[in-house]
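Peer 1: my questions concern the predicted model and sequence given below.
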Amino acid sequence: MGASPSDRVGGGACWGVEAAALMARNIVTRSSNYNEWYLDVIKAAQMADYSPVKGCMVIRPTGYAVWEAMQRDLDRRFKETGHVNAYFPLLIPMSFLQKEADHVEGFAMEVAVVTHSGLEKTADGGLRPKGELAEPLLIRPTSETLFGAMYSQWVQSYRDLPLLINQWANVMRWEMRTRLFLRTAEFLWQEGHTAHETYQEAQDETLRMLDVYAEFAEEFLAVPVVKGRKTASEKFPGADTTYCIEALMQDGKALQAGTSHNLGTNFSKAFDIKFLGRDNQQHLAVTTSWGVSTRLIGALIMTHSDDEGLVLPPRLAPTLGAVVPIYRKEEEKAGVVDFCRKLMAQLCGAERLASADARQAGRELLSVFSDASSNQAVVLDLRDDRPVEKHFYWEQRGVPFRFEIGPRDVEKGSFVLKIRYSGEKRFVNLSEATPEWLAGLVVEVQKAMLARATDFRDSHTVEVSSYDELRQALQERRGFVRCWFKESAEAEAKIKEETKGTVRCVPFAQAGGSGKCVFSGEETSEQVLFSVAY
């Protein structure tokens with residue numbers, strides 16, 4: 001069996017204390033300052049940074065690799081349900097937004113507007129706009145209007161339906177209070193836009209895509225979510241009905257993780273999306289839209305990460321594991337590194353290792369795909385840094401598994417496995433390390449991370465029966481607060497004013513029966529989830 005760091009390199013107690021001290025210096029604890037902790041985790045993992053453009057962020061390679069992993073998995077799910085990808089322009093004529101009244105009201109205050117087509121030099125050598133546009137153009141806040149304009153050209157007959165199109169794009173909604181991944185003026189997302197022959201087909205599509213989002217969140221991100229309907233005051237501007245998935249973060253706040261909208265015929269009326277039906281009569285198409293964004297990275301961080309830094313679920317992690325040789329004497333290096341390479345070959349395949357050697361010759365971090373279909377890699381860390389620095393490096397980047405090997409491990413034919421999410425340490429014989437073993441480890445840890453997050457969510461969901469109890473629960477940030485509530489825009493506005501809490505959704509899973517609304521005292525058949533939200 002393998003040995004601990006103290007057995008392999010000496011000074012184990014000091015090594016552990018030193019590692020803890022290093023990490024303590026650059027990440028505050030969640031209990032001391034949750035907001036600062038969140039930003040510290042992002043900075044330590046080098047996931048994103050603030051941009052010179054106020055309100056915007058730069059997504060660094062570590063963060064973008066996480067987004068790419070999300071894209072791959074979601075894109076597969078979209079295509080499995082019959083959707084195809086396309087790309088629509090970034091710029092939208094202002095007149096398009098004006099065609100749908102609720103849409104105008106919902107987005108008018110946050111759109112960025114392009115009014116000129118170029119720049120010219122001034123007499124003092126500066127620059128000023130030139131070429132004022134006949135019609136201002138909006139940088140897309142969302143693309144319902146543009147899809148509507150094109151669908152009106154493409155749809156002539158019921159045979160042209162359904163249209164099932166998704167696009168991966170960036171959008172802009174003017175926002176000056178930057179909060180990395182959660183609130184930025186520009187962000188990345190996908191937006192699906194579909195058109196259907198009947199209302200029922202559109203409703204089926206709306207709920208189908210909500211299920212896709214929920215399954216993605218729980219299976220791939222290990223983030224448990226609640227599915228439900230938004231109240232009228234919280235729905236998407238221009239939608240008949242909005243459905244959502246809601247997640248609960250470790251500070252007791254909710255985060256909307258995805259939305260799916262049944263738009264009815266609202267945009268078809270505005271953009272004249274008509275078709276000749278089976279009855280030889282003209283009909284309006286029924287449309288839907290649905291989307292998730294890089295906000296999911298924020299949800300991922302706040303669901304799983306700890307005071308040591310980022311924690312990534314293994315199905316998503318771009319770097320699945322790091323093989324770390326540990327030695328003190330130069331004469332020990334060759335044997336330890338050779339053993340590490342044997343482990344790499346067993347986990348990733350000898351051919352892949354040889355190919356990586358050829359392509360990445362001389363690199364201190366040798367990255368080898370363990371699964372080419374998911375682009376996940378195992379990295380051999382050949383840097384001359386101290387063990388504590390390597391521990392610090394991989395720990396704060398959320399890499400799910402570390403495989404540590406010292407001279408005594410080589411003698412025993414074993415290595416130490418360290419599991420990031422739990423801090424657990426296991427001693428494993430080299431002969432056990434196969435692709436199947438690694439795949440089993442992924443399944444085990446992914447399941448455990450979802451279970452832990454689900455337990456947290458369930459233990460931070462409380463039920464109240466009076467407005468005083470609701471107000472207290474929201475003020476104490478207890479998490480999700482479930483109660484009987486008769487939907488009312490006026491009541492919701494008053495509760496938000498007094499508590500900062502909002503109705504996150506009307507959950508699909510209802511208790512049954514009826515009860516008295518906590519605000520009005522009227523009888524109602526629906527329970528809702530309140531929470532303070534991001």
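Peer 2: All right, it came through fine. Numbering: from 1, shown residues only.

Peer 1: in terms of pLDDT, where does G398 sit?
Peer 2: Per-residue confidence for G398 comes out at a pLDDT of 98.

Peer 1: export stretch 31-41 as PDB, just CAs?
Peer 2: Extracted as PDB, the C-alpha positions of stretch 31-41 are listed here (Å, rounded to 0.1, in the frame of the first residue of the first chain):
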ATOM      1  CA  SER A  31     -18.700  32.200   7.200                       C
ATOM      2  CA  SER A  32     -16.600  35.400   7.500                       C
ATOM      3  CA  ASN A  33     -17.600  37.000   4.200                       C
ATOM      4  CA  TYR A  34     -19.500  34.900   1.600                       C
ATOM      5  CA  ASN A  35     -19.400  37.400  -1.200                       C
ATOM      6  CA  GLU A  36     -15.700  37.900  -0.900                       C
ATOM      7  CA  TRP A  37     -15.200  34.100  -0.600                       C
ATOM      8  CA  TYR A  38     -17.000  33.700  -3.900                       C
ATOM      9  CA  LEU A  39     -14.700  36.200  -5.700                       C
ATOM     10  CA  ASP A  40     -11.600  34.800  -4.000                       C
ATOM     11  CA  VAL A  41     -12.400  31.300  -5.300                       C
END
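
Peer 1: quick one: average confidence on it?
Peer 2: 97.

Peer 1: other residues contacting it?
Peer 2: Defining contact as CB atoms under 8 Å, 6 or more residues apart in numbering, one finds that stretch 31-41 is touched by 26-30, 180, 250-251, 298, 301-302, 305, 307, 309-310, 396. (C-beta placed from N, C-alpha, C; glycine too.)

Peer 1: ok, now stretch 332-344?
Peer 2: Stretch 332-344 is contacted by residues 323-327, 353, 366, 368, 378, 380, 382, 403, 405-407, 409-410, 415, 430, 433 when judged by CB under 8 Å, 6+ apart.

Peer 1: return the set of buried residues in it.
Peer 2: Using 16 or more other CB atoms under 10 Å as the test for burial, stretch 332-344 gives E332, V336, V337, F339, C340, R341, K342, L343, M344.

Peer 1: possible to save those as JSON lines with distance to K121?
Peer 2: JSON lines is the format used below for these (distance: CB to CB, whole Å):
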{"residue": "E332", "distance to K121": "66"}
{"residue": "V336", "distance to K121": "63"}
{"residue": "V337", "distance to K121": "60"}
{"residue": "F339", "distance to K121": "65"}
{"residue": "C340", "distance to K121": "60"}
{"residue": "R341", "distance to K121": "60"}
{"residue": "K342", "distance to K121": "65"}
{"residue": "L343", "distance to K121": "62"}
{"residue": "M344", "distance to K121": "58"}
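
Peer 1: first to last residue in stretch 97-111, what's the distance?
Peer 2: When the termini of stretch 97-111 are compared using CA to CA, to the nearest Å, they are 10 Å apart.

Peer 1: so how far is the longest strand belonging to the chain from its chain's centroid?
Peer 2: Criterion DSSP state E: the longest strand present in the chain is strand 127-139. When distances are taken as CA atoms, centre = their mean, to the nearest Å, strand 127-139 is centred 35 Å away from the chain's centroid.

Peer 1: right, and the helix or strand after that strand?
Peer 2: helix 144-154 (DSSP states H and E).

Peer 1: quick one: that next one to strand 127-139, angle?
Peer 2: Relative orientation of helix 144-154 and strand 127-139, computed by axes from the mean of the first three to the mean of the last three CA atoms, to 10 degrees: 60 degrees.

Peer 1: what lies in contact with helix 144-154?
Peer 2: By CB under 8 Å, 6+ apart, helix 144-154 touches 88-89, 92, 96-97, 99-100, 103, 140, 160, 163, 165, 193, 195, 238, 263, 267-268, 270-274, 285, 287, 289.

Peer 1: mind checking which of the contacts of stretch 332-344 are in helices?
Peer 2: When these are checked against helices (DSSP state H), the matches are L353, P407, D409, V410.

Peer 1: now those residues as JSON lines including neighbour count and pLDDT?
Peer 2: Converted to JSON lines, the ones in helices among the contacts of stretch 332-344 look like this (neighbours: other CB atoms under 10 Å; pLDDT from 0 to 100):
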{"residue": "L353", "neighbour count": "21", "pLDDT": "95"}
{"residue": "P407", "neighbour count": "22", "pLDDT": "97"}
{"residue": "D409", "neighbour count": "26", "pLDDT": "97"}
{"residue": "V410", "neighbour count": "23", "pLDDT": "97"}
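
Peer 1: how close does the residue in the chain sticking out farthest from the centre sit to A257?
Peer 2: Taking CA atoms, centre = their mean, the residue of the chain most remote from its mean C-alpha position is A123, at 48.7 Å. In this view, A123 and A257 are 53 Å apart by CB to CB, to the nearest Å.

Peer 1: kindly report the same for F369.
Peer 2: In this structure, F369 and A257 are 29 Å apart, going by CB to CB.

Peer 1: just want to know which of these two has more residues nearby.
Peer 2: Using other CB atoms under 10 Å, the more surrounded residue of F369 and A257 is A257, with 25 against 18.

Peer 1: dump the residue contacts of the nearest residue to E197 once chain neighbours are set aside.
Peer 2: Nearest residue to E197 in three dimensions, chain neighbours excluded: L161, at 4.7 Å (CB to CB, 6 or more residues apart in numbering). When contacts are counted by CB under 8 Å, 6+ apart, L161 touches V155, A195, H196, E197, F275, A285.

Peer 1: for L161, give me the backbone phi and psi.
Peer 2: Backbone dihedrals for L161, given as degrees, to the nearest 10, come out at phi -110, psi 150.

Peer 1: quick one: M94 from A108, how far?
Peer 2: Using CB to CB, which is the criterion applied here, M94 is 10 Å from A108.
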